[in-house]
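1. With the sequence up front, the predicted model follows.
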Amino acid sequence: MDQPVRELSYAQAIQEAMAIAMEQDERVFLMGEDIGVYGGAFQVTGDLVERFGADRVIDTPISELGGAGVAVGAAVTGLRPIFEFQFSDFATLAMEQIVNQAAKMRYMLGGAVSVPVVMRFPAGSGTGAAAQHSQSLEAWLGHVPGLKVIQPATPHDAKGMLLAAVADPDPVMIFEHKLLYKMKGPVPEGYYTVPIGKAEIRREGRDLTIVATSIMVHKALEAAKTLEAEGIDVEVVDLRTIRPMDTQTVIDSVKKTSRLLCVYEGVKTLGVGAEVSAAIAESDAFDFLDAPIVRLGGAETPIPYNPELEKATVPQVPDILKAARDLVSGRR
Amino acid sequence: MAQATAGKATGANLPFIYREYSPEQLKQALHKMYLIRRFEEGAEDSYTRGLIHGTMHLSIGQEASAMGICMPLTLDDQITSTHRGHGHCIAKGAEVAKMFAEFFGKTTGYCRGRGGSMHIADVTTGNLGANGIVGGGLPIAVGAALTAKRTKSERVVVSFFGDGANNEGAFHEALNMASIWKLPVIFVCENNGYGMSTSTARSTAVANIADRAAAYAMPGVIVDGNNLSEVAEASHEAVKRARAGEGPTLIESKTYRHRGHSKSDRNRYRTKEEIEDWMTNRDPITLYETQLQEFGVIDQAGIEGIREAVRQEIADAIEFAKASPSPEIANLERYVYTESL
């Protein structure tokens, strides 16, 4: 494809994807809190209400459970809603509709319906918003059969995966790290999709595989650059989708490098890294390992307010550097 | 829609359904109420014999409520239902054979054996599904009504729920959104007096659940849920209002379940006398039969004919379910996601 490419921010890329989806398909509409004239808490919907009207960019009351349920009901009866949570933390208020209804309806009804709903979750820490506005809950939803859960890491993927999500017949949950919204990157014009369920190798290397999600992909790439100067050749795998997880790409990478470091922002215990580690332990890549698998995840605490404490809660570049050096030098 | 006046009696004082429906339609309603009653009895019997596993929530005693609400609905209209949802499913038009097959866990069931009693659905007749979560169907119905409005269809959506659901947050969020957006949805609270064991008096701050409609600026209507005509009249009004784009209505249908909450119920929270009174003096089928005879719509032989036809239909349906194949274990994961073609 030869679509012209420009630099767009992650938020602009999402907005463009929603605009294209709405232009292409009358059934697509947006719902969420303050997504109309306000433009969304993170200005992702921006001025879309002026272009598409309040009928298609619907401000909901502060009713996450009800709003999610309305989206599910609209999806099951033929529309294509994109529902924005103001913060991913508020998914806790809507878990009933997400987990019991959206995820299970097709199965419970023996395939009689599909639930093509897209839900967007601004996630992650780093904004000083403390414990109830900074969580990374993707592993919660990743545990639910019937859902698809994605974490695009670049503006290019944010647009392409959102368009893939809208085209998908099943419920797709998109976790967008808030610190990525302003990040710029190349984004083709027009319509394109990036497949759900396919990881991407962001950097090839021989000595160590770092499997990262969302913003951690960028931290891993930054660490890889430093490590390159030290003679450590890192492969960075951007997982992109946590359900269904592309374990094959990870397995192939580990067979090549013989070392695995998982880096993710969600709480370490029972998180995405646990699943990636288990996939390697259960596969023939296990025999290729030269060192124990290492996970760098979020601390076992709520996200604190103090900026230094907050930073210490999630993996940072120096943490990745240290873990990588230890792994490669055999100190692990 | 109005039909020729039924039977011998005439005049404006006739109960609503005798002014609105033909004798044939009135008899059809009795047939369906019997079908619900005998379906529930057949399910209970099959459970006792070990042919059905799990649990079930029977709606015996609430037949007029399900039937009356569904009388003005078309096949295109939709409903969301509850854990006590067998009656709604039948009243909306489902086939009892496929329902029994579902309860027996067979591939010929409406949910291909994946849903069972608590998730019984028939999308082809507009039933988007029973729900195991109290209040779960209310926001979904609002979403379905949003689709109806956005696609400019004539469709209305009915959300059935019990008295227990009126204390769930989903109830309040759903009613509020339906009202601010003037959506074509009818909220039907079947108040059978008890959320499992807890009476509405102990659980609910208002005397009538319909009183809560005022908080969401919509009409709140109370009907005797065991009086088919009263229920149907309220439903007609609400459907008319919804189709005209005037927004939602909350109907409280006061009724009673003859059986316990589910199969684990020891009936310790209500008296034998209370149950006896409802069964003897306020049974919705008996009341309707008496009225039909009084107005000359049907005679005893006609009633016997309906009972016999229903008996046969239920027996055949159970046989169909028994003879149907079970799902293959190899297909366990089918229907989790939409299969790519």
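-> That came in fine, so what should we check first?
2. What parts of the stretch 51-200 of chain B come near chain A?
-> For the stretch 51-200 of chain B, the residues in contact with chain A (Cβ under 8 Å from any Cβ of the partner chain) are B:78, B:80, B:109-115, B:119, B:121, B:123, B:128-129, B:131-133, B:136, B:138-148, B:150-151, B:169-170, B:172-174, B:176-177, B:180. The C-beta positions use only the backbone N, C-alpha and C, and glycine is treated the same way.
3. The residue in the stretch 151-300 of chain B that chain A sits nearest to: what secondary structure?
-> With Cβ to the nearest Cβ as the measure, B:Glu173 is the residue of the stretch 151-300 of chain B nearest to chain A, at 2.7 Å. Three-state call for B:Glu173 (DSSP: H, G, I helix; E, B strand; the rest coil): helix.
4. which residue packs closest to it, ignoring adjacent ones?
-> Leaving aside its chain neighbours, B:Glu173 sits nearest to A:Gly66 (2.7 Å; criterion: Cβ to Cβ, 6 or more residues apart in numbering or on different chains).
5. Packing partners of whichever helix or strand B:Glu40 is part of?
-> B:Glu40 belongs to helix B:23-48 when assigned by DSSP states H and E. With contacts defined as 3 or more Cβ pairs under 8 Å, 6 or more residues apart in numbering or on different chains; DSSP states H and E, helix B:23-48 has these neighbours: helix B:16-20, helix B:63-70, helix B:86-92, helix B:96-103, helix B:284-294, helix B:300-323.
6. Which other helices and strands does the fourth one contact?
-> Meaning helix B:96-103. Against helix B:96-103 (3+ Cβ pairs under 8 Å, 6+ apart) you get helix B:23-48, helix B:86-92, helix B:300-323.
7. Which of the residues of the stretch 51-200 of chain B next to chain A fall in strands?
-> B:Gln78, B:Thr80 (DSSP state E).
8. could the helices and strands packed on helix B:96-103 be laid out in TSV, adding mean pLDDT and mean neighbour count?
-> Shown next, in TSV, are these (pLDDT from 0 to 100; neighbours: other Cβ atoms under 10 Å in any protein chain shown):
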stretch	mean pLDDT	mean neighbour count
helix B:23-48	97	20
helix B:86-92	98	28
helix B:300-323	98	15
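9. could you dump those helices to TSV with distance to A:Ser114?
-> Output for those, formatted as TSV (distance: least, Cβ to Cβ, whole Å):
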stretch	distance to A:Ser114
helix B:23-48	29
helix B:86-92	21
helix B:300-323	27
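10. who in the stretch 151-300 of chain A is up against chain B?
-> Counting by Cβ under 8 Å from any Cβ, the stretch 151-300 of chain A comes close to chain B at A:Pro169, A:Asp170.
11. For chain B, give me its nearest residue in the stretch 151-300 of chain A.
-> A:Pro169 (3.8 Å).
12. surely that residue meets A:Val117?
-> No - A:Pro169 is not in contact with A:Val117 according to Cβ atoms under 8 Å; the separation is 10.3 Å.
13. of these two, who's got more company?
-> Per other Cβ atoms under 10 Å in any protein chain shown, whichever of A:Pro169 and A:Val117 has more neighbours is A:Val117, with 31 against 15.
14. For the nearest residue to the more buried one once chain neighbours are set aside, give me phi and psi.
-> Distance criterion Cβ to Cβ, 6+ apart; nearest residue to A:Val117, sequence neighbours excluded, is A:Ala75 at 3.9 Å. Backbone geometry at A:Ala75, expressed as degrees, to the nearest 10, gives phi -70, psi -40.
15. so what's A:Ala75 scoring on pLDDT?
-> Here the pLDDT value assigned to A:Ala75 is 98.
16. Then B:His83?
-> 97.
17. thought it was touching B:Val134?
-> Yes - contact criterion Cβ under 8 Å: B:His83 and B:Val134 qualify, at 7.5 Å.
18. Tell me, how many residues neighbour B:Ser340?
-> With other Cβ under 10 Å as criterion, B:Ser340 counts 5.
19. Tell me the secondary structure at it.
-> Three-state call for B:Ser340 (three-state DSSP): coil.
20. And B:Phe187, by the same measure?
-> B:Phe187 - assigned by three-state DSSP - is strand.
21. for the stretch 101-250 of chain A, what spans make up the strands?
-> With strands called from DSSP state E, counting those that start in this stretch, the stretch 101-250 of chain A shows them at A:118-123, A:148-150, A:172-177, A:184-188, A:200-203, A:208-212, A:234-238, A:241-243.
22. Show me the shaky parts of the chain.
-> In the absence of a named chain, this looks at chain A. Across chain A, the ranges flagged by pLDDT under 70 are A:1, A:332.
23. my bad, the chain I had in mind was chain B
-> Residue ranges of chain B with pLDDT under 70: B:1-11, B:341.
24. Contacts only, for the residue nearest the centre of it.
-> What sits nearest the mean C-alpha location of chain B, by Cα atoms, centre = their mean, is B:His88, with 2.7 Å. Neighbour list for B:His88: B:Ala66, B:Cys70, B:Ile79, B:Ser81, B:Thr82, B:Asn127, B:Ala130, B:Phe160 [criterion: Cβ atoms under 8 Å, 6 or more residues apart in numbering or on different chains].
25. could those residues be laid out in a markdown table, adding neighbour count and distance to A:Thr209?
-> Formatted as a markdown table, these follow (neighbours: other Cβ atoms under 10 Å in any protein chain shown; distance: Cβ to Cβ, whole Å):
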| residue | neighbour count | distance to A:Thr209 |
| --- | --- | --- |
| B:Ala66 | 31 | 59 |
| B:Cys70 | 28 | 59 |
| B:Ile79 | 31 | 52 |
| B:Ser81 | 27 | 50 |
| B:Thr82 | 28 | 50 |
| B:Asn127 | 27 | 50 |
| B:Ala130 | 28 | 47 |
| B:Phe160 | 32 | 53 |
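26. With distance to A:Thr92 as added columns, please give those in CSV.
-> Output for those, formatted as CSV (distance: Cβ to Cβ, whole Å):
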residue, distance to A:Thr92
B:Ala66, 35
B:Cys70, 36
B:Ile79, 29
B:Ser81, 27
B:Thr82, 25
B:Asn127, 30
B:Ala130, 26
B:Phe160, 28
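27. in its sheet, what does the longest strand along chain A sit against?
-> Longest strand of chain A, by residue count under DSSP E: strand A:260-267. Paired neighbours of strand A:260-267 in the sheet (DSSP bridges): strand A:208-212 (parallel), strand A:294-298 (parallel).
28. Which parts of the stretch 151-300 of chain B are strands?
-> Secondary structure of the stretch 151-300 of chain B (DSSP E, counting those that start in this stretch): strands at B:157-162, B:185-191, B:194-195, B:198-199, B:220-224, B:249-254.
29. Describe which strands the first one pairs with in its sheet and in which direction.
-> In this case it means strand B:157-162. Going by DSSP bridges, the partners of strand B:157-162 are strand B:78-80 (parallel), strand B:185-191 (parallel).
30. The third one too?
-> Listed by DSSP bridges, the sheet partners of strand B:194-195 and their directions read strand B:198-199 (antiparallel).
31. What are the contacting residues of the partner strand?
-> By Cβ under 8 Å, 6+ apart, strand B:198-199 touches B:Gly164, B:Gly193, B:Tyr269.
32. so what's the second one up against?
-> In other words, B:Gly193. Here B:Gly193 is in contact with B:Asp163, B:Ser199, B:Thr200, B:Lys254, B:Tyr256, B:Arg270 (criterion: Cβ under 8 Å, 6+ apart).
33. Correct me if wrong: the third one contacts B:Asn167.
-> Pointing back at B:Thr200 there. No - look at B:Thr200 against B:Asn167 with Cβ under 8 Å: they stay out of range, at 9.3 Å.
34. Just want to know which of those two has more residues nearby.
-> The neighbour comparison of B:Thr200 against B:Asn167 (other Cβ under 10 Å) goes to B:Thr200, with 21 against 18.
35. Quick check: chain neighbours aside, which residue is closest to that one?
-> The shortest distance from B:Thr200 to any residue other than its chain neighbours is 5.0 Å, reached at B:Asp163 (Cβ to Cβ, 6+ apart).
36. That neighbour reaches B:Val206, doesn't it?
-> No - using Cβ under 8 Å, B:Asp163 makes no contact with B:Val206, being 11.1 Å away.
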